[in-house]
Structure formats: structure tokens, C-alpha cells
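1. make a model of this:
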Amino acid sequence: MKARGPMTPEAAEGIAIQALSFIAGDGERLGRFLAATGIGPTEIRAASRQPGFLAGVLAYLASDERLAAAFTAAAGCQPADIAKAHVALGGEPWEREIP
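-> A predicted model of the protein is given here:
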């Protein structure tokens, strides 16, 4: 998914779900995500239905330059798409550019 200009909430949700799947697809990545968020493995499904969760997934992803680069390469999107999706899902704009 590549976004030019503002991103629709639907497209943003798609990117965030891809990001969560990417994180969950590797045990080490998932372990770091769960440790950082304080969510237990059995609670992730319920947490994903909470407002702001998907924006939080994108914020977590963007906080790690290598993780964000690996995700964008795997997903075929641009680093700016992470920030656009984050804002479209109700997150605050970031002060800096992500990788």
C-alpha cells in the first residue's frame, strides 16, 4: 500500500493490521512488542479491538528504525505511510520524520 496525501482510515487500518501481523510473525519481535506494551499473549486479540490500539502498533513500529525499515520493505510501502496511517487512526503527528 502506498499513500500519497492524506490516508483514509480504512487504508490506515490495513497498514496497521499488516504491521501487527509482521510483528506477530516473528517470536522475538512479538516478545519485544508484548514486553513494551505490557499486553499478554492471550490479551492481544481483545486489546486489538480497543480504540487507539492500531495507532499504538504503528507508534511502536516507528520507534525502532530497523523494525520500521524491515516492515516497509516487507509490506512494499513507504516509511511516510506509517506516519500517515498513524495520524489517520487518531494518533498525534510526530515531530520528526521516520526512516
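2. mean confidence for the longest helix along the chain?
-> In the chain, taking DSSP state H as the definition, the longest helix is helix 9-24. Mean per-residue pLDDT for helix 9-24: 95.
3. report the angle between the helix or strand following that helix and helix 9-24.
-> Toward the C-terminus, helix 9-24 is succeeded by helix 27-37 as the next helix or strand (DSSP states H and E). Orientation check (axes from the mean of the first three to the mean of the last three C-alpha atoms, to 10 degrees): helix 27-37 against helix 9-24 gives 110 degrees.
4. next, count neighbours for F71.
-> F71: 24 surrounding residues under other C-beta atoms under 10 Å. No exception for glycine: its C-beta is placed from N, CA and C like everyone else's.
5. low-confidence ranges, this protein, go.
-> Residue ranges of the chain with pLDDT under 70: 1-5, 94-99.
6. contacts for whatever helix or strand A46 lives in?
-> Here A46 sits within helix 44-47, counting by DSSP H and E. If you take C-beta atoms under 8 Å, 6 or more residues apart in numbering as the criterion, helix 44-47 is touched by A24, L34, T37, I39, F53.
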